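Q: no FASTA, just this:
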């Protein structure tokens, strides 16, 4: 479990960050949370869904990277294979957290239990004068810029819910040996309901820049084919014959 605390140049002055921190966390991520500003770029690599956090019930946009929990098919020999690396990976193990001194403000938090941190190996987070390292400065700028993206993502999801455009999917993976596994909790855009929206509502979505993201999410479903190919190319993984998406209204196979 992550232990996120406010970053302190005093409390964390001796910590060092492994240069492969991002790769370490990404290697264990079957899904990667993304912002609405990242949807189009991520959709060019992996399927993008709405997913609900089991613990909080909050919705998030997530890219699917593997059919197997705690794994990622976009990594090989510690190299990132996709054309885009999500912000959450680039900034790990740092996060935006609510400020303890400024109401409604944000500050930088750190996952103290991260395996990417130690006092013996890696690049210092702070210099000898307790100043932020170049990497920390870059991450801080990215996270500060991400505040607006976080808000816009929440607004996008809220509007999609309001318009009842979410469609729940069950993803059934059929393996060559005859076995199958079911992945639930995935949601996408309901294309039928999208086509029934009024011209006024579509214009509102377009002005907000949401139509591009909506269509990118729909098109991203076909990245399942690429994901199957990646899975079947890895030695030791069960080979997949086909993947089927099922809803309560219809069934479709990819």
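A: Received, thanks. Because the structure is predicted, anything quoted here is derived from the model rather than measured.
Q: Relative to residue 60, how far out is the spatially most central residue of the chain?
A: Residue closest to the mean C-alpha point of the chain, counted by CA atoms, centre = their mean, is residue 33 at 2.0 Å. Noted for residue 33: a distance of 5 Å to residue 60, by CB to CB, to the nearest Å. Glycine gets a C-beta too; all of them are placed from N, C-alpha and C.
Q: before we move on, back to that, what's the helix or strand for the residue nearest to the centre of the chain?
A: Using DSSP states H and E, residue 33 falls within strand 31-34.
Q: name the helices or strands packed onto that strand?
A: strand 59-64, helix 87-90 (3 or more CB pairs under 8 Å, 6 or more residues apart in numbering; DSSP states H and E).
Q: average model confidence for the host helix or strand of residue 229?
A: For residue 229, the element it lies in under DSSP H and E is helix 223-232. For helix 223-232, mean pLDDT is 97.
Q: just stretch 98-112 next, same as before
A: Mean per-residue pLDDT for stretch 98-112: 80.
Q: buried set for it?
A: Taking 16 or more other CB atoms under 10 Å as the basis for neighbour counts, the residues of stretch 98-112 that come out buried are 106-111.
Q: Once you drop chain neighbours, what's closest to residue 171?
A: Nearest residue to residue 171, sequence neighbours excluded (CB to CB, 6 or more residues apart in numbering): residue 183, at 4.4 Å.
Q: So which elements touch the strand or helix carrying the one you found?
A: In this assignment (DSSP H and E), residue 183 forms part of strand 180-189. Contacts defined by 3+ CB pairs under 8 Å, 6+ apart place strand 180-189 against strand 48-52, strand 166-175, helix 210-220.
Q: As JSON lines, the ones you listed with mean neighbour count, distance to residue 85 and mean pLDDT would be great.
A: Listed next are these as JSON lines, based on neighbours: other CB atoms under 10 Å; distance: least, CB to CB, whole Å; pLDDT from 0 to 100:
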{"stretch": "strand 48-52", "mean neighbour count": "21", "distance to residue 85": "15", "mean pLDDT": "95"}
{"stretch": "strand 166-175", "mean neighbour count": "18", "distance to residue 85": "24", "mean pLDDT": "96"}
{"stretch": "helix 210-220", "mean neighbour count": "18", "distance to residue 85": "17", "mean pLDDT": "97"}
